[in-house]
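In: this is a predicted model, with the sequence first.
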Amino acid sequence: MCAWQAFAEEDTSLRLPDPKFSPGNDDSWKNAGFDDSSWKTIKADVHWENQGYRNLDGYAWYRFRFVLPSSFREKTFSQDKMNVYLARIDDADEAYWNGVKIGKTGRFYDDQGGYSTNFNAERNYQVDANAPFVKWDQENVIAVKVLDDNGLGGMNGAKPVIRMVDKVLIDVSKDADISNPELTGKTVILSNGFSETMSGSMIATVVDRLTGKVLETKKEKTQITSGATHPFKYQFKHERGQMLEVRYQFTDEKTGKKTGAVVESLPYILTPVSPETPRVNGADVFGVRPGSPFLYKIPATGKKPLEYSVENLPRGLQVNNATGIITGKLEKAGNYTVTLVVKNALGTDRKPFEIKCGDLLALTPPMGWNSWNCFGVNVTEEKVRGSAQAMIDKGLIDHGWAYMNIDDGWQAAERDENNILQPNEKFGNIRKLADWMHERGLKLGIYSSPGPLTCGRFLGSYKYETLDADIYNDWGIDYLKYDWCGYSSVVENDSLEAFIKPYRVMEKALRKQPRDIIYSLCQYGMKDVWTWGAQVDANTWRVTGDIEDTWDSLSGIAFRHGVDRMAPYAKPGRWNDLDMMIVGYVGWNDNLRRTRLTWDEQYMHVSFWAIQVTPLLIGCDMTKLDDFTVALLTNDEVIAINQDKLGEQAHRVAKEDGYEVWVKPLHDGAVAVGIFNLDNEFSRIKVRAEDAGVNPNNKVRDVWRQQDTGVFGNVYEAVVPPHGAVLIKVQK
């Protein structure tokens, strides 16, 4: 066990071992006596498709064998009920304990009412601890029947656990008050389910996660009557970047019994505050086609007001000195080198900037926002405008974030008499919305499908591609996400050409337009889209299925999806898209919640997306951005790695049990090194200079903290949080 692990796990729960697994369906598989010795063992916290069972749809079973010790229930207040926690299951399931049904979520194909899924629901099945089918101090079998209609399939999200159900419960609020980056506020609710009053002490212990040192203990005596609750309000002070963990536990003064401890990590911000002196941020290069409307907002930070100017700005372009928005039109192809200049009362900053007027767009990965992961088909114009205003008010626009993309759900039920696609009642005049965006330096994206219908069953572009491209131009659209959904019903055959065809049709329609529209293919990596996306002039192409806000989904895309093999196809104007980011408040509908990723996992997420030069599209409700999420998305040195004009994707240089190391070359000869801990504990990870391809004498910069840390040495050593990352830049 690592010295910096704060707390040992107490014997108040039983973690189930890895289960046996088999595709298929047989009712006898639920019974304890069934012989499953020939079945394969897999992990229960990872979708089965990420464990070698590709394209497995239909039924499959998991079987957990374990001895249930009587000792762990003797420490708890209540000894009558157990909770079987099976995390999340994609899609529907039915669970049995020694052949007896203990719970079900969703419906199977032959159930009354037909198939129904609830894959986002957590499975918590309660069991009577004294039931005759529960065998204490003997072997037990929990069998889980799963139906996956499509997608990844199976158990995921966390390892299954059996816990005794306490009648004294601690509920820690999921939402922390982190409006002050150095002060975290938490609310903890203690509840008494017994028939008598409980007297005892509530203790919150604060520990430095790196060292294991106890920094603070907050103890409060309390008395709670039967059926009552008592709130405890805590404020935990910490320095910027300090990683803290808190353990909450109640001890009964009469019996000395303790509740199961609730342990959580507090949010921590690594990104330094931007200086008040002016600084030009963003990419070093921008692509535009001859004759197309030009729009670029100079991203810059510093104490307002700022004054913007551009030296050597070519004829046809002009800059607004108050807003930093460059507009106009370049009629002649060519490369134009200019200097972006920003001033305020404290000084001046300059940055060389190259405008490439030619055939290629998106010379660096697009950065912006997409409505799907937070609003789903419930997106409205009001929500899009609100998110755009938050992009400005929270300052993300000053770090290079530009695109505001409307996903599925904006289309009217029918085309007009001229077959022109119309917005539905949730949207007004889209041309006015685009103008509103452009006036503020933002760009507007939209969504469609090559099929008759979209994923959300709205109208697609099938047989109306030219009309739709024309209206996108008329509206002032800057970005098109073109989603395969619905085209499966009309695809001619399973050939590669049949899969390319619909994207080639829209390509031709877009190229006829007198404005630049980023072309983003969304078809989940079918037919190895990264090998042919450039042939249809796509700027980005999705290489994965839809991401979810779980470690299993995130780590599956990053470390089990074969991203490395796609790297040769990434280059300026052509990007492998790993899907939208799942930080902040998400939900895919109106029921928004904070992402289920831990703070550490969110740092890993943004770090990996940065070095993979994938498009950076925020998926959360922008109006709910807190300081942690803003800091996560506005670290200019992290962004610079993603926006590096060389455009080379990272490649893996080390893969060991529990960690991976990836290296990305940069245009100035330096390299970015991402060190990723896949383990559940802090890990001390060593990277050899020869593996990273660096000189041992080269200087190292911690990119998240924006600090120089010395030289690399023959071996660079990093302490990396669980499911977290260390991102460094090694100078040439």
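Out: Cool, got the structure.

In: C-alpha only now, for contacts and for neighbours.
Out: Will do.

In: quick one: secondary structure of the closest residue in space to Y569 that isn't next to it in sequence?
Out: Take Y569 and drop its neighbours on the chain: the residue closest to it by C-alpha to C-alpha, 6 or more residues apart in numbering is W530, 6.2 Å away. W530 falls in the helix class when you classify it by DSSP: H, G, I helix; E, B strand; the rest coil.

In: count the residues that sit near W530.
Out: W530 has 25 neighbours, counted by other C-alpha atoms under 10 Å.

In: my read is that it contacts A538, right?
Out: No - the criterion here is C-alpha atoms under 8 Å, and W530 misses it with A538 at 10.0 Å.

In: was I right to think W541 contacts K527?
Out: No - in this structure, W541 is not within contact of K527 by C-alpha under 8 Å, at 11.8 Å.

In: neighbour count: the two, which is higher?
Out: Higher neighbour count among W541 and K527: W541, with 28 against 16, using other C-alpha under 10 Å.

In: beta partners for the more buried one?
Out: L521, N576 (DSSP bridges).

In: tell me the pLDDT of it.
Out: Per-residue pLDDT puts W541 at 98.

In: check contacts around it.
Out: By C-alpha atoms under 8 Å, 6 or more residues apart in numbering, the contact set of W541 is S520, L521, C522, Q523, G525, V529, W530, G533, W575, N576, D577.

In: name the nearest residue to L152, ignoring sequence neighbours.
Out: E49 is the one closest to L152 (C-alpha to C-alpha, 6+ apart), at 5.2 Å.

In: likewise for A412?
Out: N424 (4.0 Å).

In: from I557, how far off is that neighbour?
Out: As judged by C-alpha to C-alpha, to the nearest Å, N424 and I557 stand 34 Å apart.

In: these two: which has the busier surroundings?
Out: Per other C-alpha under 10 Å, whichever of N424 and I557 has more neighbours is I557, with 20 against 14.

In: so that one sits against D579, correct?
Out: No - look at I557 against D579 with C-alpha under 8 Å: they stay out of range, at 9.2 Å.

In: list residues touching both of the two?
Out: T544, I547.

In: which parts of the helix or strand A390 falls within are buried?
Out: Using DSSP states H and E, A390 sits within helix 381-393. Judged by neighbour count using 16 or more other C-alpha atoms under 10 Å, the buried positions of helix 381-393 are E381, K383, V384, S387, A388, Q389, A390, M391, I392.

In: mind checking how far that helix is from the chain centre?
Out: Its chain's C-alpha centre and that of helix 381-393 lie 20 Å apart, by C-alpha atoms, centre = their mean, to the nearest Å.

In: which elements pack onto it?
Out: If you count contacts as 3 or more C-alpha pairs under 8 Å, 6 or more residues apart in numbering; DSSP states H and E, helix 381-393 packs onto no helix or strand.

In: send me that helix as PDB with only the CA atoms.
Out: What follows is helix 381-393, C-alpha atoms only, in PDB (Å, rounded to 0.1, in the frame of the first residue of the first chain):
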ATOM      1  CA  GLU A 381     -32.300  29.000 -28.800                       C
ATOM      2  CA  GLU A 382     -32.400  30.500 -25.300                       C
ATOM      3  CA  LYS A 383     -30.100  27.800 -24.000                       C
ATOM      4  CA  VAL A 384     -27.700  28.300 -26.900                       C
ATOM      5  CA  ARG A 385     -27.600  32.000 -26.400                       C
ATOM      6  CA  GLY A 386     -27.100  31.600 -22.600                       C
ATOM      7  CA  SER A 387     -24.200  29.200 -23.200                       C
ATOM      8  CA  ALA A 388     -22.700  31.600 -25.700                       C
ATOM      9  CA  GLN A 389     -23.000  34.500 -23.300                       C
ATOM     10  CA  ALA A 390     -21.400  32.400 -20.600                       C
ATOM     11  CA  MET A 391     -18.500  31.600 -23.000                       C
ATOM     12  CA  ILE A 392     -17.900  35.300 -23.100                       C
ATOM     13  CA  ASP A 393     -18.700  36.200 -19.400                       C
END
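
In: would you mind writing the CA trace of stretch 206-218 as CSV?
Out: Extracted C-alpha coordinates of stretch 206-218, given in CSV (Å, rounded to 0.1, in the frame of the first residue of the first chain):
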residue,chain,number,x,y,z
VAL,A,206,-8.8,16.1,6.4
VAL,A,207,-5.7,14.5,4.9
ASP,A,208,-3.1,15.5,2.4
ARG,A,209,-3.6,12.9,-0.4
LEU,A,210,0.0,13.0,-1.4
THR,A,211,1.6,12.5,2.0
GLY,A,212,-1.1,10.9,4.0
LYS,A,213,-0.6,13.5,6.7
VAL,A,214,-3.7,14.4,8.8
LEU,A,215,-4.0,18.2,8.5
GLU,A,216,-7.2,18.8,10.4
THR,A,217,-9.9,17.0,12.4
LYS,A,218,-13.3,18.5,13.0
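
In: now do the buried residues in it.
Out: Buried-residue list, stretch 206-218, by 16+ other C-alpha under 10 Å: V206, V207, D208, R209, L210, G212.

In: how close does the most far-flung residue of the chain relative to its centre get to K104?
Out: Centroid-distance maximum for the chain: K254 at 46.1 Å, with C-alpha atoms, centre = their mean. Distance, K254 to K104, by C-alpha to C-alpha: 39 Å.

In: quick one: low-confidence residue ranges for the protein.
Out: 1-12, 174, 179 (pLDDT under 70).

In: so the nearest residue to P299 once chain neighbours are set aside, which state does it fall into?
Out: Nearest residue to P299, sequence neighbours excluded (C-alpha to C-alpha, 6+ apart): D398, at 4.2 Å. Look at D398: counting by three-state DSSP, its state is helix.

In: ok, D398 to N576 distance?
Out: 25 Å.

In: now T41
Out: 33 Å.

In: if you count surrounding residues, which of the two has more?
Out: Ranked by neighbour count (other C-alpha under 10 Å), T41 and N576 place N576 first, with 28 against 16.

In: these two touch, right, the more buried one and V543?
Out: Yes - the pair N576 / V543 is scored as a contact, 6.3 Å apart, by C-alpha under 8 Å.

In: list residues touching both of those two?
Out: W530.

In: tell me where the stretch 301-450 of the chain has strands.
Out: 307-311, 317-319, 325-329, 334-344, 347-357, 367-370, 403-405, 443-448 (DSSP state E, counting those that start in this stretch).

In: same check on the stretch 51-200 of the chain?
Out: Under DSSP E, counting those that start in this stretch, the stretch 51-200 of the chain gives strands at 58-67, 81-90, 92-97, 100-105, 122-128, 139-148, 154-156, 161-164, 168-172, 177-180, 183-192, 198-208.

In: remind me which helix or strand V505 belongs to.
Out: helix 496-511.

In: from the buried residues of stretch 206-218, which two are the most distant?
Out: V206 and L210 (12.3 Å; C-alpha to C-alpha).

In: please tell me how far the residue positioned nearest the centre of the chain sits from R594.
Out: By C-alpha atoms, centre = their mean, the mean C-alpha position of the chain lies nearest to I582, the distance being 2.6 Å. Taking C-alpha to C-alpha as the measure, I582 falls 10 Å from R594.

In: and Q535, which of the three is it?
Out: Quick answer, by three-state DSSP: Q535 is helix.

In: what is the burial count for it?
Out: By other C-alpha under 10 Å, neighbour count at Q535 equals 13.

In: can you show me the strands along the stretch 601-732 of the chain?
Out: 616-618, 651-656, 659-665, 671-677, 683-688, 699-702, 707-711, 715-720, 725-730.

In: okay if I get those as CSV plus distance to Q112 and mean neighbour count?
Out: Shown next, in CSV, are those (distance: least, C-alpha to C-alpha, whole Å; neighbours: other C-alpha atoms under 10 Å):
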stretch, distance to Q112, mean neighbour count
strand 616-618, 40, 25
strand 651-656, 48, 15
strand 659-665, 46, 22
strand 671-677, 45, 26
strand 683-688, 50, 18
strand 699-702, 58, 20
strand 707-711, 61, 13
strand 715-720, 50, 16
strand 725-730, 47, 25
